[in-house]
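K.L.:
Here is the input, now give the coordinates:
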Amino acid sequence: MRKIAILVLLSLLIGCSMGQKNNIDLAGEWQFRLDPEDKGIKEQWFNASFDDRIILPGSLQERGYGYDVGIDTKWTGSINDGSWFDAPEYEKYRQKGNVKVPFWLNPDKHYVGVAWYRKEINIPSGWKEKRIQLELERTHWETELYVDGVKLSGQNGMSTPHRYLLEDLKPGKHQIAIRVDNRVNINVGVNAHSVSDHTQSNWNGLVGDLHLSAKPEVYIDDLQVYPDAVKKQAKVTVNLKGNSKSGKGKISVQMQTSDGKAIGKSVNSEFDITDNETEVNVTVDAGKEVLLWSEHSPNLYRVKTVVTSSGGKDERTTQFGFRDFLKNGTRFYVNGQPVFLRGTLECCIFPLTGYPAMDNNYWTKIYGVCKEFGLNHVRFHSWCPPEAAFNVADSMGIYLQVECGGWTTVGDGGDSDEWFYAEGDRILKEYGNHPSFCMLAYGNEPGGWHQVKYLSGLVDYWKGKDNRRVYTSAAGWPYIENADYWNAPNPRIQAWGGGLKSIINAQPPRTDFDYRDIIKKDMPTVSHEIGQWCVYPNFKEIEKYTGVLKAKNFEIFQETLDENNIGDLADDFLYASGKLQTLCYKADIEAALRTPGFAGFQLLDLHDFPGQGTALVGVVDAFWDTKGYVDGKEYSMFCNQTVPLIRFPKMIWLNNEMMNVPVEFAHFGKEPIKEANITWTVSTMDNKVIGKGNFVKDLPLDNCIPIGNIEVSFDQIKEPAQLTVSVELADKSVKNQWYIWVYPEQKQPVNNQPYITSRFDNSVIDRLNKGENVLLLSPKGKVSPKKGGEIEVGFTSIFWNTAWTHNQAPHTLGVLCNPKHPALALFPNQGYSDYQWWDIVSDCNAMVMDDFPADFRPVVSLIDDWFKNRRLGLLFEAKVGKGKLMVCSSSLERDPIQYPAAAQFRQSILEYMSSDKFNPQKELQPELIRGLFSEK
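P.N.:
Residues are numbered from 1 along each chain as shown. As a prediction, the model looks like this:
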């Protein structure tokens with residue numbers, strides 16, 4: 001009996017506790033109904049019961065609701081390349097049961113329109129006469145709330161929780177119905193990542209925290225902390241809602257460490273409660289020992305605020321950090337120290353859910369990878385992340401640029417003009433205390449004739465409202481005079497429309513250029529979306545797409561590769577193109593670090609962008625996992641807080657030259673380094689040192705810090721060599737390295753040379769039939785357009801992707817070869833593009849070899865665009881008749897002094913062809929080869 005009595009008592013205590021708790025979790029099963037014709041309001045669905053059930057939080061697509069994807073699917077997002085809808089090669093992918101679209105990840109289900117979510121709630125007796133608040137942490141997009149069949153209101157914020165106040169709700173059972181509409185009713189732009197199918201998907205649902213909470217008569221509606229890092233104190237602004245019978249209230253404000261230990265002096269005071277809305281301001285001293293927040297030391301504090309009135313007590317705690325993020329000249333300063341932003345974009349890419357991660361764990365992974373690869377900054381392209389993203393960024397020291405969800409026309413009087421003001425207010429109120437929230441913009445690349453006036457006004461409004469961060473108009477443009485910084489599109493190597501005119505494609509390789517003539521001289525410049533260098537798809541990734549979005553675009557690319565008989569090369573294409581992609585990013589990032597007064601860069605991207613035609617621009621995939629060709633250790637050599645740099649006037653040298661190149665450092669660490677011991681070496685690939693030295697220099701917080709010159713004579717190099725030039729701190733904590741190539745100025749005479757020609761005509765065929773050796777060096781422009789002449793080859797990989805850039809050059813992803821092939825014995829290489837290939841590929845055609853025997857492989861291949869997957873050759877050999885033929889689609893006839901790598905490539909081929917090693921195994925018919933060329 002005693003045990004039973006104890007159990008009864010415990011149950012009563014638990015029941016009492018449950019009745020008095022201040023929150024009710026609404027996660028779980030809800031009733032659900034699609035409303036594609038938007039007739040639910042007219043037919044009063046808010047009073048009806050629904051047959052379907054759905055688990056929330058979640059999206060309807062995540063739970064298997066919506067429509068199958070087909071040719072008539074109304075996507076949210078522009079489609080620049082519409083060939084999928086009518087091109088013959090995509091015919092089989094338009095068929096029911098095999099629908100696969102190439103321009104982004106494919107959802108299992110798609111739905112744009114209204115959906116209704118309904119649930120019975122039970123208000124505890126202890127909540128009698130309480131104000132009750134419904135919180136929906138993240139919705140997509142607009143919501144309307146009905147309680148017991150009565151509409152309360154609607155909300156259209158996209159970036160912050162929808163909160164509804166349910167007044168006069170009596171204890172007992174009630175029905176709530178939420179109408180969610182994910183149509184783009186407010187023109188934020190269909191390509192904005194806040195709404196678009198390009199990345200997260202245009203989902204419909206309720207995600208994150210869903211709950212009811214009980215509020216006293218006077219409750220805290222907003223709590224903002226304005227820290228002063230110099231004075232070590234914080235102004236705390238508390239906004240209250242509600243009335244008190246006494247008209248009086250008490251407030252207690254206590255500053256705490258992140259683990260809840262009280263610090264400084266608490267403030268306790270009384271205040272008068274005004275009609276429905278009251279603002280209370282207090283200043284709290286943190287004490288002299290307070291620690292500042294930055295990327296190097298992300299120290300966090302809390303403010304605990306308790307408000308007591310005759311109606312009860314309300315409490316709120318918020319996280320913040322002591323930091324000043326300010327502009328000073330052309331730099332940003334954090335707590336008085338200069339900072340260089342090394343950033344990447346996050347474009348709302350979450351393939352498993354199709355909506356943003358709402359928990360800390362995944363954001364820890366994202367920012368962890370960013371830090372591993374040397375980054376300290378993330379820009380949220382045309383969207384604002386949820387609370388978890390800010391919390392984790394606070395704890396890890398990541399500087400965030402947040403945007404109000406737009407990529408559209410502004411300033412022309414559209415509905416979005418007023419909405420962006422309101423959305424900015426919501427974002428500043430919800431996330432303004434986070435020290436990681438350092439930068440704010442309206443969104444991305446606006447249109448509109450009045451955009452400058454509109455965005456200038458918006459920036460002035462923000463600056464007058466909240467001084468805790470810096471503000472700009474938009475990412476990309478326009479430049480406005482009252483902005484705190486300029487997110488500029490120009491300081492980068494390659495751009496839209498640039499094609500083969502960019503410095504890395506149009507000029508022989510060097511590392512002595514920078515952007516000092518491009519950046520602003522009176523405000524910080526942060527380069528906009530640099531990089532966009534592509535890599536070949538990783539088909540092993542396909543199996544990772546187990547959630548809402550599937551990689552059916554990858555499936556198309558894999559199938560066409562197999563159909564062209566080169567499916568076995570997929571992994572090689574990935575690795576080789578990945579090495580070129582990494583080289584291009586290294587060039588971009590180092591140019592930024594070499595620019596005096598530069599404020600930073602924003603990569604597009606560290607990870608892949610799965611939309612806009614499939615833009616595989618990441619060195620990590622859409623899941624933030626590495627792809628096997630570069631890791632954080634290698635990448636962070638050239639992307640980090642401290643980076644050695646060399647201004648090479650060229651990367652290809654002759655052995656009668658002396659190299660004298662300046663070394664400099666970019667250093668934006670926690671503090672200056674006094675008397676840094678800096679070592680340098682020049683060594684061969686088998687680690688034979690041909691030059692070394694050291695410098696002792698102070699490293700202040702700056703870039704373009706002059707260190708000294710590396711001077712090495714190459715007269716000891718007798719054979720073609722690839723050398724490694726490295727610069728590092730003596731303690732090995734910092735290192736960067738570059739490859740250069742040294743070739744003999746005097747070439748060995750070649751005996752028994754093959755017959756060399758630039759035409760494949762009957763006379764050449766006669767020579768081959770007689771058993772001669774022939775080298776065909778085809779000048780650029782001689783390959784037939786249908787056989788590769790229309791393919792524009794450059795040194796770099798593809799920019800963004802050809803489907804979205806209207807086939808912008810270059811159209812290839814670098815070279816692939818067996819570096820041990822004897823034809824390349826005198827042309828040191830690692831099997832993929834590096835700077836020694838620039839001479840060859842900048843003056844060549846691709847040769848389409850799809851109709852060659854299925855197992856035929858060139859000596860040197862070019863990696864094609866994955867939309868085409870053609871078998872492309874640059875150099876191949878074959879038996880023809882009784883003779884032996886080598887064909888190169890680069891003429892190799894340019895000035896050997898100006899283009900030394902081309903001369904060395906030619907020398908290597910000639911020495912191979914004159915040796916007994918020249919023995920092609922595959923036989924080809926003359927007409928097959930003749931078909932490659934325009935001339936007969």
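
K.L.:
And the pLDDT for Pro216?
P.N.:
The confidence metric pLDDT takes the value 93 at Pro216.

K.L.:
Return the distance of the residue lying closest to it once chain neighbours are set aside relative to Gly613.
P.N.:
Computed as Cβ to Cβ, 6 or more residues apart in numbering, the closest residue to Pro216 that is not its neighbour in sequence is Gly312, at 3.3 Å. Every residue, glycine included, has its C-beta placed from N, CA and C. Distance from Gly312 to Gly613, counting by Cβ to Cβ, to the nearest Å: 57 Å.

K.L.:
okay, these two: which has more neighbours?
P.N.:
Neighbours were counted for Gly312 and for Gly613 using other Cβ atoms under 10 Å; Gly613 has more, 22 against 16.

K.L.:
Buried residues, stretch 349-367. List them.
P.N.:
349-358, 362-364, 366-367 (16 or more other Cβ atoms under 10 Å).

K.L.:
Check stretch 277-286 too.
P.N.:
Taking 16+ other Cβ under 10 Å as the neighbour-count basis, stretch 277-286 is seen to contain the buried residues 278, 280, 282, 284-286.

K.L.:
Ok, stretch 222-241 next?
P.N.:
Applying a neighbour-count criterion of 16+ other Cβ under 10 Å, the buried positions in stretch 222-241 are 223-227, 229, 232-234, 236, 238, 240-241.

K.L.:
want to throw these into TSV with secondary structure, pLDDT and distance to Gly708?
P.N.:
Converted to TSV, the buried residues of stretch 222-241 look like this (DSSP: H, G, I helix; E, B strand; the rest coil; pLDDT from 0 to 100; distance: Cβ to Cβ, whole Å):
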residue	secondary structure	pLDDT	distance to Gly708
Leu223	strand	98	54
Gln224	strand	98	50
Val225	strand	98	47
Tyr226	strand	98	46
Pro227	strand	97	42
Ala229	coil	91	37
Lys232	coil	93	41
Gln233	strand	94	46
Ala234	strand	96	46
Val236	strand	97	52
Val238	strand	97	57
Leu240	strand	95	63
Lys241	strand	94	64
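
K.L.:
how about those residues in a markdown table, adding distance to Asp81?
P.N.:
Rendered in a markdown table, the data for those read as follows (distance: Cβ to Cβ, whole Å):
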| residue | distance to Asp81 |
| --- | --- |
| Leu223 | 49 |
| Gln224 | 47 |
| Val225 | 49 |
| Tyr226 | 49 |
| Pro227 | 49 |
| Ala229 | 50 |
| Lys232 | 57 |
| Gln233 | 57 |
| Ala234 | 52 |
| Val236 | 53 |
| Val238 | 53 |
| Leu240 | 55 |
| Lys241 | 52 |
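
K.L.:
Now secondary structure too, for the buried residues of stretch 277-286, in CSV please.
P.N.:
As requested, these are arranged in CSV below (DSSP: H, G, I helix; E, B strand; the rest coil):
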residue, secondary structure
Thr278, strand
Val280, strand
Val282, strand
Val284, strand
Asp285, strand
Ala286, coil
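
K.L.:
So which of the residues you listed is the closest to Pro338?
P.N.:
Of all these, Ala286 has the smallest distance to Pro338: 24.7 Å, by Cβ to Cβ.

K.L.:
Show the subsequent helix or strand relative to the worst-scoring helix or strand of the chain on mean pLDDT.
P.N.:
For the chain, the helix or strand with the lowest mean confidence is helix 2-20, at a mean of 37 (criterion: mean pLDDT, DSSP states H and E). Tracing the chain C-terminally past helix 2-20 and defining elements by DSSP states H and E, one meets strand 23-25 next.

K.L.:
What are the buried residues along that following strand?
P.N.:
Applying 16+ other Cβ under 10 Å to strand 23-25 flags Ile24 as buried.

K.L.:
cool, stretch 893-911 as well?
P.N.:
Within stretch 893-911, the residues that qualify as buried by neighbour count (16+ other Cβ under 10 Å) are 894, 896, 899-911.

K.L.:
Touching it from outside, list them.
P.N.:
Defining contact as Cβ atoms under 8 Å, 6 or more residues apart in numbering, one finds that stretch 893-911 is touched by 508, 652-654, 720, 741, 743, 747-748, 750, 753-754, 775, 777, 779, 823-827, 836-840, 843, 875, 886, 888, 890, 892.

K.L.:
Also stretch 462-474?
P.N.:
Outside stretch 462-474, the residues that reach it (Cβ under 8 Å, 6+ apart) are 226-227, 325-327, 332, 406, 424-425, 428, 432, 437-446, 451-452, 455-456, 458-459, 479-480, 482-487, 524.

K.L.:
Equivalent analysis for stretch 56-72, please.
P.N.:
26-28, 30, 32, 34, 52, 54-55, 73, 85, 94, 96, 99, 101, 106-111, 115, 117, 137, 140, 201, 203-210, 353-355, 358, 547-548.

K.L.:
ditto for stretch 509-516
P.N.:
By Cβ under 8 Å, 6+ apart, the surrounding residues in contact with stretch 509-516 are 490-491, 503, 527, 587, 590-592, 594-598, 645-652, 738, 795, 835, 838.

K.L.:
Now the buried members of the residues you listed.
P.N.:
Neighbour-count burial within these applies to 491, 527, 587, 590-592, 594-595, 597-598, 645-648, 650-652, 738, 795, 835, 838; the criterion is 16+ other Cβ under 10 Å.
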